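In: predicted structure and sequence below. I'll ask about it afterward.
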Amino acid sequence: MNKILFVSGIDTGVGKTYATGLLLREMAQQGLRIISQKPVQTGCLGRSEDLDVHDQLATNLHAKEEAEPYRCSYLFKYPASPHLSAEMEQICIDPAKIDHDTEELLRLGYDRILMEGAGGLMVPLTRNLLTIDFVAKRNYPVALVTSGKLGSINHTILSLEALERRSIPIERLIYNHYPKEEAPITAETIDYLKSYLAHHYPQTLWQEIAYQQS
């Protein structure tokens, strides 16, 4: 098991932050010493809002105080793709800085780090580096979050094929029942994606996140 699990989604707003928090809770309950990392967060000030959600959902994380300086390498005010938000603040995102922070978290003795990306797999971190290529270079396995939104079957399969093309391990596909769709759409999307996964990616774990009334 790779100690880093990269959590991405088929699109922005698909629920990967919520999924990351639930995975943290699940793994902590299994006895793992677990923490999350958000390498780049855009659209907020002070502290990563996504880390706040992780911590609210997984209250049993270990030694968060020691890990805090390394959990978010870059934080930008403007809500946009990381490369643009960074440029607006005249900052260049350095992958080596992210790697350094990951290594510091590993030195703290965590069994696993859940690293949540910004947006989808093809989001640019810099003008010359896509998120998916950052992941591929490090051979991180991926948890891909999908849903029943219109277009999700297309976006899911495109994402799976992009991962496979770069030989990135696909550890799990997580279906988020939020937002709630009509029953025929939900049932067919789940059935189709589960069948597709079983045929093309039989080693990939299928998981579902139950619909939560807001």
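Out: Yes, it's here.
In: what's the local residue count around the spatially closest residue to Arg138 that is not a sequence neighbour?
Out: Using C-beta to C-beta, 6 or more residues apart in numbering and skipping residues adjacent in sequence, the residue nearest Arg138 is Ile4, 7.2 Å away. The way it works is simple: take the backbone N, C-alpha and C, and place the C-beta from them, glycine included. Using other C-beta atoms under 10 Å, Ile4 is surrounded by 19 other residues.
In: quick check, pLDDT for Ile4.
Out: Looking at Ile4, its pLDDT is 98.
In: list the buried ones in the lowest-mean-pLDDT helix or strand in the chain?
Out: Ranked by mean pLDDT, DSSP states H and E, the weakest helix or strand in the chain is helix 64-67, scoring a mean of 88. By 16 or more other C-beta atoms under 10 Å, the buried positions in helix 64-67 come out as Ala67.
In: now swap in stretch 199-213 and tell me
Out: For stretch 199-213, by 16+ other C-beta under 10 Å, it's Thr204, Gln207, Ile209.
In: which SS state does the residue nearest the centre of the chain fall under?
Out: Nearest to the mean C-alpha position of the chain, counting by C-alpha atoms, centre = their mean, stands Val7 at 2.1 Å. Under DSSP: H, G, I helix; E, B strand; the rest coil, Val7 falls in the strand class.
In: how about it, what does it touch?
Out: Lys16, Ala19, Thr20, Leu23, Leu114, Met115, Glu116, Gly117, Val142, Ala143, Val145 (C-beta atoms under 8 Å, 6 or more residues apart in numbering).
In: show me what it is bridged to.
Out: Beta-bridge pairing for Val7 (DSSP bridges): Glu116, Ala143.
In: make 51 the starting number, not 1.
Out: Got it, the first residue is 51 from now on, which makes the last one we talked about Val57.
In: from the buried residues of stretch 249-263, pick the one nearest Glu115.
Out: The nearest member of these to Glu115, counting by C-beta to C-beta, is Ile259 at 28.5 Å.
In: give the contact list for that closest one.
Out: Gly65, Tyr68, Ala69, Leu72, Ile224, Tyr225, Asn226, His227, Tyr228.
In: helices or strands up against the following helix or strand past the least confident helix or strand of the chain?
Out: Later in the chain than helix 114-117, the nearest helix or strand by DSSP states H and E is strand 124-126. On a contact count with 3 or more C-beta pairs under 8 Å, 6 or more residues apart in numbering; DSSP states H and E, strand 124-126 meets strand 90-92, helix 132-138.
In: buried residues, the longest one. List them.
Out: The neighbour-count check on helix 132-138 (16+ other C-beta under 10 Å) flags Pro132, His133, Ser135, Ala136, Glu137 as buried.
In: and the average pLDDT for it is what?
Out: pLDDT averaged over helix 132-138 gives 98.
In: for it, packing partners?
Out: Under the contact definition 3+ C-beta pairs under 8 Å, 6+ apart, helix 132-138 sits against strand 90-92, strand 124-126, strand 174-176.
In: now those as JSON lines including mean neighbour count?
Out: Below are the helices and strands packed on helix 132-138 laid out as JSON lines (neighbours: other C-beta atoms under 10 Å):
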{"stretch": "strand 90-92", "mean neighbour count": "23"}
{"stretch": "strand 124-126", "mean neighbour count": "21"}
{"stretch": "strand 174-176", "mean neighbour count": "19"}
